[in-house]
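Asker: Dropping a prediction and its sequence here:
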Amino acid sequence: MTMTLTDVRSIVRSISDLDITDLSNALLDSYVKEGFQQIVALERRYPFYQQSYSLNSEVGTRAYTISAIGDIREIISVVQTGTAGQRLSLIPYDEGEAIWLGNLDTAGEPNFYSFWDHQIHLWPKPSVIYAYTVRAYRNPVYTWLTNITEAIDADEWFHVLLTYFVLSRIYQRQEDPQMSAMYMQSFEQGVGLARKDIMKPSSARPLVLSGGRRYPTMTRWLQTLGRTL
């Protein structure tokens, strides 16, 4: 069941029998935020944070600030969506700067990208304007902490579990370690089960073990470069 901050407050006050005088909304909400952040910190690729963004390159410009593209936590792929269309290969920044430097740093059609200093770097730098789709996982939003009728920004599996975290903190504050530990255990067990189910791979998706990755486009580019020198 989808819950809001209002719902969490109501359940917590009902179980703890504490009114707003005994437990202020500000303190209760801080506990909810703490529990929410602990859940978010467990994974960087929760499916409910998947998002696609658009990026248009600029002629001769290599670096693009990630925060200007979107509130992105982790980028998965950068795909050129023009007529030729291709998925760019991710390479280490130091590998890119070792190749595209000095007289070799000429503009062309980017085949690779890197991350450095909160920016996406295209290799080589674009010679014309290219349109890209950036597939990523966004950062969580916290507007539900001020708009208390807005759904909490997480899978609904986690919503009710936040009440257990808050109750644990309340009993900890009241110096009742037994009740605090009981609710914290319920929170951790529930989050563990929910996380396992949410992150479980689809039964239709094959398991591919990592054996390293080659960059065929990079090899082709270096071979072409060698023939023209």
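Answerer: Received the coordinates, thanks. Residues are numbered from 1 along each chain as shown.
Asker: I'd say Tyr164 and Gly190 touch.
Answerer: Yes - taking Cβ atoms under 8 Å as the definition, Tyr164 is a contact partner of Gly190 at 6.7 Å. Bear in mind the C-beta positions are built from the backbone N, C-alpha and C, glycine included.
Asker: Who has more neighbours out of these two?
Answerer: Tyr164 (23 against 17; other Cβ atoms under 10 Å).
Asker: Not counting sequence-adjacent ones, nearest residue to Trp116?
Answerer: Tyr93 (4.2 Å; Cβ to Cβ, 6 or more residues apart in numbering).
Asker: Sort out which residues of stretch 138-151 are buried, please.
Answerer: Using 16 or more other Cβ atoms under 10 Å as the test for burial, stretch 138-151 gives Arg138, Asn139, Pro140, Trp144, Leu145.
Asker: Let me know the pLDDT of the first one.
Answerer: What it means is Arg138. For Arg138, the pLDDT comes out at 96.
Asker: How about the contacts made by it?
Answerer: Tyr49, Gln50, Gln51, Gly70, Asp71, Ile72, Arg73 (Cβ atoms under 8 Å, 6 or more residues apart in numbering).
Asker: gap between it and Ser180?
Answerer: 33 Å (Cβ to Cβ, to the nearest Å).
Asker: So for the one helix or strand Phe187 maps to, mean pLDDT?
Answerer: Under the criterion of DSSP states H and E, Phe187 resides in helix 177-198. Across helix 177-198, the average pLDDT comes to 95.
Asker: ditto for stretch 1-14
Answerer: The model assigns stretch 1-14 a mean pLDDT of 94.
Asker: what's it in contact with?
Answerer: Contacts for stretch 1-14 (Cβ under 8 Å, 6+ apart): 18-20, 23, 25, 28-29, 32, 144-145, 148-152, 156, 159-160, 162-163, 166-167, 170.
Asker: thinking again about what came up before, can you redo the contacts of Arg138 as CSV with secondary structure and pLDDT?
Answerer: CSV is the format used below for those (DSSP: H, G, I helix; E, B strand; the rest coil; pLDDT from 0 to 100):
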residue, secondary structure, pLDDT
Tyr49, helix, 96
Gln50, strand, 96
Gln51, strand, 96
Gly70, coil, 95
Asp71, coil, 95
Ile72, strand, 95
Arg73, strand, 95
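Asker: Buried ones only from those residues, please, as a ChimeraX command.
Answerer: To isolate the buried members of the contacts of Arg138 in ChimeraX, using 16+ other Cβ under 10 Å:
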select :49,70,72,73
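Asker: of all the contacts of Arg138, which comes closest to Val59?
Answerer: Gly70 (22.5 Å; Cβ to Cβ).
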